[in-house]
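Kindly generate the corresponding structure for this input.
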Amino acid sequence: MGPRPVPPLAAASAGVLVALCVSSSEAFAPRGRTARVPAVRRTRLAPLSVLRDLSDYSESDFGWEEGPELTAQSLDIHDVLLQRSIQTMYRYLGDTRNEMKAEWLLGFQNHTHLGDGSKWHSVIGLRLHFTDYYRHLFLAPVSEFTVRYQVGRPEGWTPPAAEDGAEEDAEEDSSGEARDTPASSTGPHPDLMGWQAAAASRRRNPYLQEKSYRTYTETLDPKLIAASLMSVSKSLSKEWREDLAILASVDSSESRLEERQRERAFTKRCRENPDADECRVDYENWRTPAFEMVERGREDSTPLRRFNFELLQRTATILAAKSLQTDLAFLAMSEQQSAAELLWFDKFMADWWRGLAEVTPVSRADGTDVGLNPVSDALFAALEHRPPVLGDDYMVDPTSLAERLYEQRESACRLLIKQLDETDNILDNIANECSHRVRLEQLLFL
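Numbers count the residues shown, from 1 in each chain. A predicted model of the protein is given here:
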């Protein structure tokens, strides 16, 4: 049977679909294997090399012939939420010295690349969808691990010789007693350093020099980890709804009008007083971001909240650009002006898709981080400062497109808030479904 012909309408629709990354399926595929890439006429992007070059990649980890695929249609705010939940919980477990569970969590379904979020900062990174991951985690078998540790040497403990051994040797005389040090010494006052005598006594005790080890068995129940991870996801969902509301407010026409007025007032002040301290930097670097102003009054934020806000900006900007391109494509069927704007905007966005979707470390070489200079803000600044383009029967005004993109991003934020409103119900349903399945299996095997 030959290939089925594609209707003209379907072909035209495929031409206007905007992909986050049409080659992400290639990037997620194993080395040496050709992945299926959907044919899209517009916006063809370079591979992001996501997960391809990781040393921990193994085709058997998935059980799929070509590995996981990520397309524009699969960009889901809940997938981003789960990814950041894993990274946040990994930090919590590390802070509580529970490295075994932390490493097991990253190793589950081969997500070791995520780490604590310092090196993997992106809107993509999961190998499973949000609901599939939680179902696998709930139904995973209980595991037991044997832990071996040295008596008197807690995990992470640093030997005194590496920390203060040199200082202790310098502070002791030949009799082993601590000597007085001048008050001008850079360290603490000698009266506050009584622990040095105790440290010297321990080094002279021969019984403490013999290393002894103990072992114990640690039981790891994935259901308990799933419950803890769900709690983190619910907490992040609540935070994200608050932060998306902030971003939507900033993108509203009223807020942008007030911002332009503040910028004009700033420019006027600096024109009249060019030597003022505030005029030493540009307005973009002088103003305080909206999120930073709000964050100063909060005390219960999760550790990655500021960087999560940057990912929310990316996600909303991606959805806004896709929506604007779709609207322009629809209008382009009857308006030459919209057709010219679509072609110009497609070309403009081609330079930004990678920056919006790529994996980046949190810290940058210049000492800043992704939260201080979001790529989304740079995109809008570049769009607003592009000159108009004149044609025979049209004029493309990038400033006008920027205003429309702001409107689309405000709508995208409202939509994401509604989707996150369902997070608690989705997680509760998954937990109930998996619990019922476990009880049913237990009954079947009685």
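
mind checking which helix or strand of this protein has the lowest mean pLDDT?
Here the helix or strand of the chain ranked lowest by mean pLDDT, DSSP states H and E is helix 24-28, holding a mean of 36.

Okay, buried residues for the helix or strand following that helix please.
The helix or strand immediately downstream of helix 24-28 is helix 77-95, counting by DSSP states H and E. Under the neighbour-count criterion of 16 or more other C-beta atoms under 10 Å, helix 77-95 has 77-93 buried. In short, each C-beta sits where N, CA and C put it, glycine included.

residues making contact with helix 77-95?
99, 101-102, 105-106, 111, 114-117, 120, 123-126, 129-131, 133-134, 228-229, 232-233, 236-237, 240, 302-304, 308, 311, 315, 416, 419-420, 423, 426 (C-beta atoms under 8 Å, 6 or more residues apart in numbering).

same deal with stretch 127-144?
51, 61-62, 68, 74, 76, 78-79, 81-82, 104, 108-111, 126, 217-223, 225-226, 229-230, 426-427, 430-431, 433-435, 437-438.

Please check those and keep the buried ones.
Buried among these (16+ other C-beta under 10 Å): 51, 62, 68, 76, 78-79, 81-82, 104, 108-111, 126, 220, 222-223, 225-226, 229-230, 426-427, 430-431, 434.

can you give me the helices in the stretch 301-446 of the chain?
305-332, 336-350, 353-357, 375-384, 398-421, 423-444 (DSSP state H, counting those that start in this stretch).

what's the most buried one of those?
helix 305-332 (a mean of 21; mean count of other C-beta atoms under 10 Å).

Just want the angle from it to helix 77-95.
170 degrees (axes from the mean of the first three to the mean of the last three C-alpha atoms, to 10 degrees).

helices or strands up against helix 305-332?
For helix 305-332, the packing partners by 3 or more C-beta pairs under 8 Å, 6 or more residues apart in numbering; DSSP states H and E come out as helix 8-16, helix 77-95, helix 222-251, helix 290-295, helix 336-350, helix 353-357, helix 375-384, helix 398-421.

ok, how many other residues are close to the nearest residue to Arg306 once chain neighbours are set aside?
What sits nearest to Arg306 in space, not counting adjacent residues and going by C-beta to C-beta, 6 or more residues apart in numbering, is Gly371, at 4.6 Å. Look at Gly371: counted by other C-beta atoms under 10 Å, it has 20 neighbours.

Surely Gly371 is in contact with Leu311?
No: look at Gly371 against Leu311 with C-beta atoms under 8 Å: they stay out of range, at 9.9 Å.

quick one, strands of the stretch 151-300 of the chain?
Here the stretch 151-300 of the chain has its strands, by DSSP state E, counting those that start in this stretch, at 213-220.

Any stretches of it with poor pLDDT?
151-196, 199, 206-210, 281-298 (pLDDT under 70).

Kindly recompute the last result at 80.
Scanning the stretch 151-300 of the chain for pLDDT under 80 picks out the ranges 151-212, 256, 259-260, 262-263, 266-267, 272, 274-300.

OK, contacts around the residue nearest to Arg306?
Arg306, Phe307, Phe309, Glu310, Val362.

Now with 7 Å, please.
Contacts for Gly371 (C-beta atoms under 7 Å, 6 or more residues apart in numbering) come out as Arg306, Phe307, Glu310.

go on, Leu383?
Contacts of Leu383 (C-beta under 7 Å, 6+ apart): Phe348, Pro398, Leu401, Ala402, Leu405.

Now Arg148: phi and psi?
phi -120, psi 130 (degrees, to the nearest 10).

What about the closest residue to it other than its chain neighbours, how many residues nearby?
Closest residue to Arg148 apart from its sequence neighbours, by C-beta to C-beta, 6+ apart: Thr215 at 4.6 Å. The tally of other residues near Thr215 (other C-beta under 10 Å) stands at 8.

I'd like the distance from Thr215 to Ser143, if you could.
Distance of Thr215 to Ser143, computed by C-beta to C-beta, to the nearest Å: 16 Å.

repeat for Ile246
41 Å.

neighbour-wise, which of those two wins?
Ile246 (18 against 11).

gap between that one and Ala265?
Counting by C-beta to C-beta - Ile246 and Ala265 are separated by 23 Å.

what's the answer for Phe307, then?
31 Å.

go on, Asp275?
With C-beta to C-beta as the criterion, Asp275 and Ala265 are 18 Å apart.

more crowded one of those two?
For Asp275 and Ala265, the more surrounded residue by other C-beta under 10 Å is Ala265, and the numbers stand at 11 against 7.
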